[in-house]
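K.L.:
generate a structure from the sequence data that follows.
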Amino acid sequence: MSRRKSDEKIGKRAYVAVHNLLPDKNDPQIAQLLGCKRQAIHMWSKGETPSGIYLQRMCELGADIDWILTGRRKNT
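P.N.:
Numbers count the residues shown, from 1 in each chain. I've put the predicted structure just below:
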């Protein structure tokens, strides 16, 4: 099954979100906080969609899950 462009954007937004949320952390440090491998974070930057558990952990750290999934910001 091939990836859709919208799926690819989720991974890229997830990568941006965690780096904006944790600007003083590098990929290995972020991976440790999320409980994933550094390579997973690299794959997100290339458009691979994170699994649900990592999206949940990003949300728990304060990431805007609506933006990651849809590209639309929460109305606050």
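K.L.:
skipping its backbone neighbours, what lies nearest Gly62 in space?
P.N.:
Counting by C-beta to C-beta, 6 or more residues apart in numbering, Leu21 is the residue found nearest to Gly62 once chain neighbours are left out, at 5.7 Å. In short, each C-beta sits where N, CA and C put it, glycine included.
K.L.:
I'd guessed the one you found sits against Ile65; true?
P.N.:
No: using C-beta atoms under 8 Å, Leu21 is not in contact with Ile65; the gap is 11.6 Å.
K.L.:
please enumerate the shared neighbours of those two.
P.N.:
Taking C-beta atoms under 8 Å, 6 or more residues apart in numbering as the contact rule, the neighbours common to Leu21 and Ile65 are Met58.
K.L.:
if I look at Cys59, how far off is His19?
P.N.:
In this structure, Cys59 and His19 are 16 Å apart, going by C-beta to C-beta, to the nearest Å.
K.L.:
again with Gln56
P.N.:
Here Gln56 is placed at a distance of 18 Å from His19 (C-beta to C-beta).
K.L.:
tell me the contacts of Tyr15?
P.N.:
Under the criterion of C-beta under 8 Å, 6+ apart, the contact partners of Tyr15 comprise 41, 44-45.
K.L.:
what secondary structure does it sit in?
P.N.:
Of the three states, Tyr15 takes helix according to DSSP: H, G, I helix; E, B strand; the rest coil.
K.L.:
before we move on, which element is Gln29 in?
P.N.:
With elements delineated by DSSP states H and E, Gln29 resides in helix 27-34, which encompasses its position.
K.L.:
quick one: residues contacting the residue nearest to the spatial centre of the chain.
P.N.:
Geometric centre of the chain, nearest residue: Ala14, 2.1 Å, by C-alpha atoms, centre = their mean. For Ala14, the contacting residues are 44, 49-50, 54-55, 58, 63, 68, by C-beta under 8 Å, 6+ apart.
K.L.:
check Arg72 too.
P.N.:
Arg72 sits next to Asp66 when contact means C-beta under 8 Å, 6+ apart.
K.L.:
show the pLDDT at it.
P.N.:
Residue-level confidence at Arg72 comes out at 90, pLDDT.
K.L.:
gap between stretch 38-58 and the chain center?
P.N.:
Relative to the chain's own centre, stretch 38-58 is displaced by 5 Å; criterion: C-alpha atoms, centre = their mean, to the nearest Å.
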